[in-house]
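Engineer: How does the following fold in three dimensions:
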Amino acid sequence: MLNISTNSVKIYIDENKYSTLKLVLSKSSGKVFLRLLSVFFGMLLILVFLPWTQNIQSRGNLTTLRPDQRPQSIQSIIAGRIEKWYVQEGDYVNKGDTILFISEVKEAYLDPNLLGRTEDQLKAKEMAVNSYMEKVKALDNQIDALVQTSKLKLEQAKNKYKQANLKVASDSIYYQASENQFVTAETQFNRSQTLYDQGLKSLTELENKRVSMQKAEAAFIEAENKLLTSRNEVINAEVELLSIEAQYRDDIAKASSDKYTAMSSMYDAEAVVTKLQNQFMNYSVRNGMYYITAPQDGYITKALQSGIGETIKEGAEIVSIMPAKYDLAVEMYVRPIDLPLLHKAENVRIQFDGWPAIVFSGWPNTSYGTYGGKVYAIDNFISPNGLYRVMVAPDTSEYAWPDALRVGAGTHSMVLLKDVPIWYELWRQINGFPPDYYDLDQPTNSSKKYD
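Structural biologist: The predicted structure follows:
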């Protein structure tokens, strides 16, 4: 009783009748309370100096380290109509196993003999290319023959022209000789005429000189005629030489023009052949796309398209598949204020959903049911949820993670940081400071192992 009031009721109460009141008012109870209070504060004082492991806690989920090991959907590259299913949900498939068969829906590919007809067109165009090639070869041979013939014809015409020049030279000499003979005969006739007039020569001798002069004149005229004829032959030979050069130049030019026309047609046909080859290969590859196959070994988890006769578009998701072999990892998210404290190979303690665990966040060595991990990768850009993603891989130096874990399961992760006293951690939490940053090169609790 506090005995605050001046009007005491103590004289009216018999304390021996009330055991509780008697116990409270006894002096031993106060001593026990003081002892308990002293022990409590002593233990609290000792407790605040105990070591505490700073940590960053985060919820996350199980994923895989490699992108090709994560659940994926299988799409159809082409539009089609579902004709037959070969699997059902939960089936295990190997890489290349057929999942379903689709038929064509686009009118450009509905012809059942489309591939064969395209191949026939391709063969026809290839034969056209070969024909043009043979024509080009024939024109090349023709041009070679014309070149050789022109050389021979030109050589023949040059020889003829040379012969004509030589004949002109010969006729010129003959002409000069005839002219000299005519002048000599004429001089002799004039001298005989003078002597005849003087009576020194007879008429017969004069007539003989006249005849000789006339013969010399006839020979001179004949030599001049031959010379003119030879000169005309030279001109004809020169004209023939030029005519041959022009004729064969035109023939070779025409053959070359025909050759280039054939080559142009051949190149056009080759372009069509290349286009048809591309088209044929596209059709061949498209025929192989009617059977949708598994990209890797795994389990069919869910059919996203159903039924027979349903039409699907290009890129439509058909089924989802989970790879059979995968390397598990934890995908956790941390606040931007905690990001500078994280490093690769940082120790992480993980509690998986569905696995019993007793966790003391500040004393990981006393925790039970947690598994070890190490920081594998840290994103350099923030996620849409305003946090940074951190990938945690299994710690191979500890016992393995449970085999029954599945991708997508929830986790609770703790990134272990620096060891500090409890009083320091309380002071940090009250002031809202982030955990302490420390250098990985310095010895820390990262080398410890926990059960």
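
Engineer: and stretch 404-412, C-alpha only, in PDB?
Structural biologist: The C-alpha trace of stretch 404-412 is given here as PDB (Å, rounded to 0.1, in the frame of the first residue of the first chain):
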ATOM      1  CA  ALA A 404      12.900 -31.200 -54.500                       C
ATOM      2  CA  LEU A 405      13.300 -27.500 -55.100                       C
ATOM      3  CA  ARG A 406      11.500 -26.100 -58.200                       C
ATOM      4  CA  VAL A 407      11.800 -23.000 -60.200                       C
ATOM      5  CA  GLY A 408       9.500 -20.200 -58.900                       C
ATOM      6  CA  ALA A 409       9.500 -21.300 -55.200                       C
ATOM      7  CA  GLY A 410       9.800 -18.400 -52.700                       C
ATOM      8  CA  THR A 411      12.900 -17.700 -50.600                       C
ATOM      9  CA  HIS A 412      14.000 -15.500 -47.800                       C
END
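
Engineer: ranges for the helices of this protein?
Structural biologist: In the chain, helices defined by DSSP state H lie at 19-25, 27-47, 114-197, 203-288, 422-431, listed in chain order.

Engineer: Show the average pLDDT along the longest one.
Structural biologist: Within the predicted structure, the mean pLDDT of helix 203-288 is 86.

Engineer: Out of the helices of the chain, which gets nearest to residue 95?
Structural biologist: The closest of those to residue 95 is helix 203-288. By Cβ to Cβ, the value is 15.5 Å. The way it works is simple: take the backbone N, C-alpha and C, and place the C-beta from them, glycine included.

Engineer: and that closest one, what does it pack onto?
Structural biologist: Helix 203-288 sits against helix 114-197, with contacts defined as 3 or more Cβ pairs under 8 Å, 6 or more residues apart in numbering; DSSP states H and E.

Engineer: quick one: the helix it packs on to helix 203-288, angle?
Structural biologist: Comparing the axes of helix 114-197 and helix 203-288 via axes from the mean of the first three to the mean of the last three Cα atoms, to 10 degrees yields an angle of 170 degrees.

Engineer: Helix 114-197 - contacts with which helices or strands?
Structural biologist: So helix 114-197, by 3+ Cβ pairs under 8 Å, 6+ apart, packs with helix 203-288.

Engineer: Can you get me a residue count around residue 179?
Structural biologist: Residues within reach of residue 179, counting by other Cβ atoms under 10 Å, total 16.

Engineer: who touches it in this structure?
Structural biologist: 220, 223 (Cβ atoms under 8 Å, 6 or more residues apart in numbering).

Engineer: and the gap between it and residue 217?
Structural biologist: 10 Å (Cβ to Cβ, to the nearest Å).

Engineer: Of the helices of the chain, give the one that comes closest to residue 96.
Structural biologist: Nearest of the helices of the chain (Cβ to Cβ): helix 203-288, 11.7 Å.

Engineer: From the chain's centroid, how far away is the closest one?
Structural biologist: Distance, stretch centre to chain centre, for helix 203-288: 58 Å (Cα atoms, centre = their mean, to the nearest Å).

Engineer: mind listing what the residue nearest to residue 140 when sequence neighbours are not counted touches?
Structural biologist: Leaving aside its sequence neighbours, residue 140 sits nearest to residue 259 (Cβ to Cβ, 6 or more residues apart in numbering; 6.6 Å). Counting by Cβ under 8 Å, 6+ apart, residue 259 makes contact with 136, 139-140, 143.

Engineer: Quick check: bridge partners of the closest residue to residue 400 other than its chain neighbours?
Structural biologist: Nearest non-adjacent residue to residue 400, counting by Cβ to Cβ, 6+ apart: residue 394, 6.9 Å away. Legend: beta-bridge partners of residue 394 under DSSP bridges are residue 373.

Engineer: Tell me which stretches of the stretch 251-400 of the chain form strands.
Structural biologist: Using DSSP state E, counting those that start in this stretch, the strands of the stretch 251-400 of the chain run over residues 291-293, 298-303, 311-312, 317-323, 328-334, 347-352, 371-378, 388-394.
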